[in-house]
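Chemist: Got a predicted structure here, sequence first:
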Protein chains: 2
Amino acid sequence: MVEESSRIAGPELRADARRNRGRILVAAREVFAEHGIDAPMATVARRAGVGVATLYRRFPTRDALVRAAFAQQVETCGRALTEALADPDPWRGFQRLVETVCELQREEQGFPAAFVAAFPDSAAEHAQARERAERDLMTLVRRAQAAGALRADFHPSDLAVALLAHCGLVTALPHDGAASRRLVAYLLQSFRAEAAHGALPPPSALSLGGLPLAADGSQRQRPSRA
Amino acid sequence: MVEESSRIAGPELRADARRNRGRILVAAREVFAEHGIDAPMATVARRAGVGVATLYRRFPTRDALVRAAFAQQVETCGRALTEALADPDPWRGFQRLVETVCELQREEQGFPAAFVAAFPDSAAEHAQARERAERDLMTLVRRAQAAGALRADFHPSDLAVALLAHCGLVTALPHDGAASRRLVAYLLQSFRAEAAHGALPPPSALSLGGLPLAADGSQRQRPSRA
DNA sequence: TCTTAACCGGACGGCACCGTCCGTTTGGAC
DNA sequence: GTCCAAACGGACGGTGCCGTCCGGTTAAGA
């Protein structure tokens, strides 16, 4: 009932602790992107150049680490959305938003997908950030539609669908930037109001490859035990 | 060097063994779709109603089991391709192919994606089936383009890209058929030569949800340790 | 400089899954 | 009906990751 009198405000970390925390987050993002979200904690610790205990002291559970690592991406996406809203040309703002987020996904490879897969209920945590994002997105979509650039039957959830799909693609083909860009171009074209067939980026090199159709995957390397 | 003289031809299984083998494959597809490709072997065995030893006798390694389970899907996709080629209307054939494969992916949830992720080198095994599929697909694409239905700059690899992306989507939202259908509709429209904006299926219910943008995932449930 | 408390990392027990071994049961041929 | 080989399933040792405990080290204030 009675708390320690002082110390209510400051969970300030010592200089070295703060530095290590940062290193761990960077390492976690890299390792999770590379070896999947189930990668051993020890691997993250080693990559960060710290001991396992340090990692567990900073992030008591694996979930805490994953969530913290992912929070940075959420933040980045939020910024992208704000920037998109600031663009005077509504369509260009929308287009840039999609391209920016997809580029981020490309960099982070499969990590976002794995995160969403593992934490379906993570909405609550980012509640207010999410609410704001939702409002901003709605505004962006409406403006683009009012300008006659975005098709009228576009629904905000379509953006989530497109991003999830793209996320899945980069998870499957983490080294195929061409495939990613090609998909983004197709999607953006199909979102346009007047369907102008602009030029597409060059196609992916995969032959018919990485397909859940004839079973190939060309570049993939994530072991996942295999 | 010297093989057993007889027994070259017949690895015939006893009736009960054959029956159990079938059960195991069914159970494996279900379990892998539900709990991911790393699900414990014991779970598969239990679901199939057999002992662990039986499972290992039939499929010595986990890989062997996964590959065997996936082979059936490859076969189904091959049939879909053949049917598509048989359709007198090239575009309708193409459209049906995409829809059929995506529906299959929806049923199998994330299994194909996980397979491709885990076995990037699986192309070799299905070499001849794949070669044939590639030839067939090329024919299908050329015919549809010649008919002026499919855009001229469509590349066969675009199909693989689209399917991988869709696969990723159903992995992330295994229970959201609306999202899947919506994506397929968008993609098909963007593949059309003359960009006719037809009606889209109703949008997904996810609010802005399962997005690697504001971090939610609504329906997802696959644990993956979480 | 010195003290102290916070931080560090390696080592250790616990647990879950893997894959095999062996005694028992069952299909099917004579 | 009888017999045997093949198939069955439960139990068991091995391995790798998880998460905590403890003695040494270092930042930072007096």
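Modeler: Arrived safely, thanks for sending.
Chemist: remind me, longest helix of chain A?
Modeler: Counting by DSSP state H, the longest helix found in chain A is helix A:62-86.
Chemist: And residue A:175, how close does it get to DNA strand D?
Modeler: Distance from residue A:175 to DNA strand D, counting by Cβ to the nearest atom of the strand, to the nearest Å: 24 Å. Placement of C-beta: from N, CA and C, glycine included.
Chemist: And whichever strand or helix holds residue A:103, what does it pack against?
Modeler: Residue A:103 belongs to helix A:90-108 when elements are defined using DSSP states H and E. Other helices and strands packing on helix A:90-108, by 3 or more Cβ pairs under 8 Å, 6 or more residues apart in numbering or on different chains; DSSP states H and E, are helix A:62-86, helix A:127-146, helix A:156-172, helix A:177-191.
Chemist: Return the set of buried residues in that helix.
Modeler: A:90-91, A:93-95, A:97-98, A:100-106, A:108 (16 or more other Cβ atoms under 10 Å in any protein chain shown).
Chemist: gap between residue A:87 and DNA strand D?
Modeler: Look at residue A:87 and DNA strand D: by Cβ to the nearest atom of the strand, they are 42 Å apart.
Chemist: I am assuming that residue contacts residue A:96, so please confirm or correct that.
Modeler: Yes - under the criterion of Cβ atoms under 8 Å, residue A:87 makes contact with residue A:96 at 6.7 Å.
Chemist: Going by the annotation, which residue ranges form each domain of chain A?
Modeler: A:15-60, A:66-226 (automatic domain parsing).
Chemist: Of all those domains, which one comes closest to residue B:53?
Modeler: domain A:66-226 (21.0 Å; Cβ to Cβ).
Chemist: what is the mean pLDDT for the closest one?
Modeler: The average pLDDT for domain A:66-226 rounds to 79.
Chemist: Contact residues of chain A facing DNA strand C?
Modeler: Counting by Cβ under 7 Å from any atom of the strand, the positions of chain A adjacent to DNA strand C are A:13-14, A:16-17, A:19-20, A:49-54, A:57-58.
Chemist: Let's have those residues in a markdown table, adding secondary structure and neighbour count.
Modeler: A markdown table is the format used below for the residues of chain A next to DNA strand C (DSSP: H, G, I helix; E, B strand; the rest coil; neighbours: other Cβ atoms under 10 Å in any protein chain shown):
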| residue | secondary structure | neighbour count |
| --- | --- | --- |
| A:13 | coil | 12 |
| A:14 | coil | 8 |
| A:16 | helix | 9 |
| A:17 | helix | 13 |
| A:19 | helix | 12 |
| A:20 | helix | 20 |
| A:49 | coil | 11 |
| A:50 | coil | 19 |
| A:51 | coil | 13 |
| A:52 | helix | 13 |
| A:53 | helix | 9 |
| A:54 | helix | 18 |
| A:57 | helix | 13 |
| A:58 | helix | 19 |
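Chemist: Return the member of those residues nearest to DNA strand D.
Modeler: residue A:53 (3.4 Å; Cβ to the nearest atom of the strand).
Chemist: how close does that closest one get to residue A:35?
Modeler: 21 Å (Cβ to Cβ, to the nearest Å).
Chemist: got it, and residue A:82?
Modeler: Per Cβ to Cβ, residue A:82 is found 33 Å from residue A:35.
Chemist: Tell me which of these two has more neighbours.
Modeler: residue A:35 (17 against 13; other Cβ atoms under 10 Å in any protein chain shown).
Chemist: Phi first, then psi, for the more buried one.
Modeler: phi -110, psi 10 (degrees, to the nearest 10).
Chemist: ok, whichever residue of chain A sits closest to DNA strand C - contacts?
Modeler: As assessed by Cβ to the nearest atom of the strand, DNA strand C sits closest to residue A:51 within chain A, at 2.2 Å. Neighbour list for residue A:51: residue A:45 [criterion: Cβ atoms under 8 Å, 6 or more residues apart in numbering or on different chains].
Chemist: Can you tell me what sits against stretch A:12-29?
Modeler: Outside stretch A:12-29, the residues that touch it by Cβ under 8 Å, 6+ apart are A:44-45, A:47-50, A:54-55, A:58-59, A:65-66, A:68-69, A:72, A:108, A:111.
Chemist: Give me the buried subset of those.
Modeler: A:44-45, A:47-48, A:50, A:54-55, A:58-59, A:65-66, A:68-69, A:108, A:111.
Chemist: Of these, which is the nearest to residue A:175?
Modeler: Nearest to residue A:175 out of these is residue A:108 (Cβ to Cβ; 13.4 Å).
Chemist: what sits against the closest one?
Modeler: Taking Cβ under 8 Å, 6+ apart, we find residue A:108 in contact with A:29, A:33, A:73.
Chemist: Can I get those in JSON lines including neighbour count?
Modeler: Shown next, in JSON lines, are those (neighbours: other Cβ atoms under 10 Å in any protein chain shown):
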{"residue": "A:29", "neighbour count": "21"}
{"residue": "A:33", "neighbour count": "22"}
{"residue": "A:73", "neighbour count": "21"}
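Chemist: Among those residues, which one sits closest to residue B:150?
Modeler: Nearest member of the contacts of residue A:108 to residue B:150, counting by Cβ to Cβ, is residue A:33, at 35.2 Å.
Chemist: and the closest one, what element?
Modeler: helix A:15-35.
Chemist: residues in contact with the residue lying closest to residue A:147 once chain neighbours are set aside?
Modeler: With sequence-adjacent residues excluded and distances taken as Cβ to Cβ, 6 or more residues apart in numbering or on different chains, residue A:147 is closest to residue A:90, at 4.8 Å. Contact analysis of residue A:90 by Cβ under 8 Å, 6+ apart lists A:140, A:143, A:144, A:146, A:147, A:149, A:150.
Chemist: I'd assumed residue B:38 was in contact with residue A:38.
Modeler: Yes - shown here, residue A:38 and residue B:38 form a contact pair, counting by Cβ under 8 Å, at 7.4 Å.
Chemist: what about residue A:175, which SS state?
Modeler: Of the three states, residue A:175 takes coil under DSSP: H, G, I helix; E, B strand; the rest coil.
Chemist: burial of it, as a residue count?
Modeler: Using other Cβ under 10 Å, residue A:175 has 13 other residues around it.
Chemist: Next one: it relative to residue A:188, how far apart?
Modeler: From residue A:175 to residue A:188 the distance is 23 Å (Cβ to Cβ).
Chemist: With residue A:159 instead?
Modeler: Distance, residue A:159 to residue A:188, using Cβ to Cβ: 11 Å.
Chemist: Comparing those two, which residue is more hemmed in?
Modeler: residue A:159 (22 against 18).
Chemist: Nearest spatial neighbour of that one, chain-adjacent residues omitted?
Modeler: residue A:137 (6.7 Å).
Chemist: and what of residue A:186?
Modeler: Nearest non-adjacent residue to residue A:186 (Cβ to Cβ, 6+ apart): residue B:190, at 4.4 Å.
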